[in-house]
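Visitor: Would you be able to build a 3D model of this:
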Amino acid sequence: MTQTEAVQIWLTGAKEALETAELLFISKKYNHALFFGQLYLEKLLKGLTYHLKDDHPIFTHNLVLLAEKAGIKLDEKQKEELREISGFNISARYPEDKREIYNRATPEYTIKLLDKVRKLASYFKTYLKK
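Guide: Model (predicted):
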């Protein structure tokens, strides 16, 4: 697989994750919408790793680490937002942790966090032009 093909696979997956997040939000599945918002950024950052470094992304869901691996410059606010969003990748958490996360996912919180996801993605996409 070429570098271009690898990037395209990740970017297509990212686009699909965002579309899923938006559909889940409309369906009032807020915690799941946030999970797919996190997945959107994760796939976008993994695609950027191929694009910028021509290297395999690291096996993690930690968005700060993925951005750093890709060589993306982050300020402290962006790092904090990425840490918050990373918390919605809940595959390995215990049920009581999941419940606490789910309880935060109100409609208002979800709108704000998905807005942060879109703004961060917009910034990340500027690196596709490099």
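Visitor: all contacts plus neighbour counts: C-alpha atoms, from now on.
Guide: Noted.
Visitor: Give the buried residues for the helix-or-strand element of the chain with minimal mean pLDDT.
Guide: Ranked by mean pLDDT, DSSP states H and E, the weakest helix or strand in the chain is helix 95-104, scoring a mean of 75. Going by neighbour count (16 or more other C-alpha atoms under 10 Å), the buried part of helix 95-104 is Lys98, Tyr102.
Visitor: what's in contact with it?
Guide: Tyr30, Asn31, Gly87, Phe88, Ile90 (C-alpha atoms under 8 Å, 6 or more residues apart in numbering).
Visitor: Counting only helices, which of those make the cut?
Guide: Counted as lying in helices by DSSP state H, out of those, are Tyr30, Asn31.
Visitor: Now, of the contacts of helix 95-104, which are buried?
Guide: By 16+ other C-alpha under 10 Å, the contacts of helix 95-104 give Tyr30, Asn31, Gly87, Phe88, Ile90 as buried.
Visitor: State the mean pLDDT of the host helix or strand of Arg83.
Guide: Using DSSP states H and E, Arg83 maps to helix 76-86. Summarised as a single mean, pLDDT over helix 76-86 is 97.
Visitor: Next, the buried residues of that helix.
Guide: Lys79, Glu81, Leu82, Ile85, Ser86.
Visitor: quick one on the thing from earlier: what about the least confident helix or strand of the chain, distance to the chain center?
Guide: Distance of helix 95-104 from the chain centroid (C-alpha atoms, centre = their mean, to the nearest Å) equals 19 Å.
Visitor: Number the residues from 311 up from this point.
Guide: Okay, using 311 as the starting number, the last item reads as helix 405-414.
Visitor: Which residues are in contact with Lys426?
Guide: Counting by C-alpha under 8 Å, 6+ apart, Lys426 has contacts Glu391.
Visitor: CA atoms of the stretch of helix or strand it belongs to as CSV?
Guide: Element membership for Lys426, per DSSP H and E: helix 417-435. Extracted in CSV, the C-alpha atoms of helix 417-435 (Å, rounded to 0.1, in the frame of the first residue of the first chain):
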residue,chain,number,x,y,z
PRO,A,417,-27.1,17.4,25.1
GLU,A,418,-25.4,20.8,26.0
TYR,A,419,-22.1,19.1,26.9
THR,A,420,-22.2,17.0,23.8
ILE,A,421,-22.8,20.0,21.5
LYS,A,422,-19.8,21.9,23.1
LEU,A,423,-17.5,18.9,22.9
LEU,A,424,-18.4,18.1,19.3
ASP,A,425,-17.8,21.7,18.5
LYS,A,426,-14.3,21.4,20.0
VAL,A,427,-13.8,18.2,17.9
ARG,A,428,-14.7,20.1,14.7
LYS,A,429,-12.4,23.0,15.5
LEU,A,430,-9.5,20.7,16.4
ALA,A,431,-10.1,18.8,13.2
SER,A,432,-10.1,22.0,11.1
TYR,A,433,-6.7,22.9,12.6
PHE,A,434,-5.3,19.4,12.0
LYS,A,435,-6.5,19.4,8.4
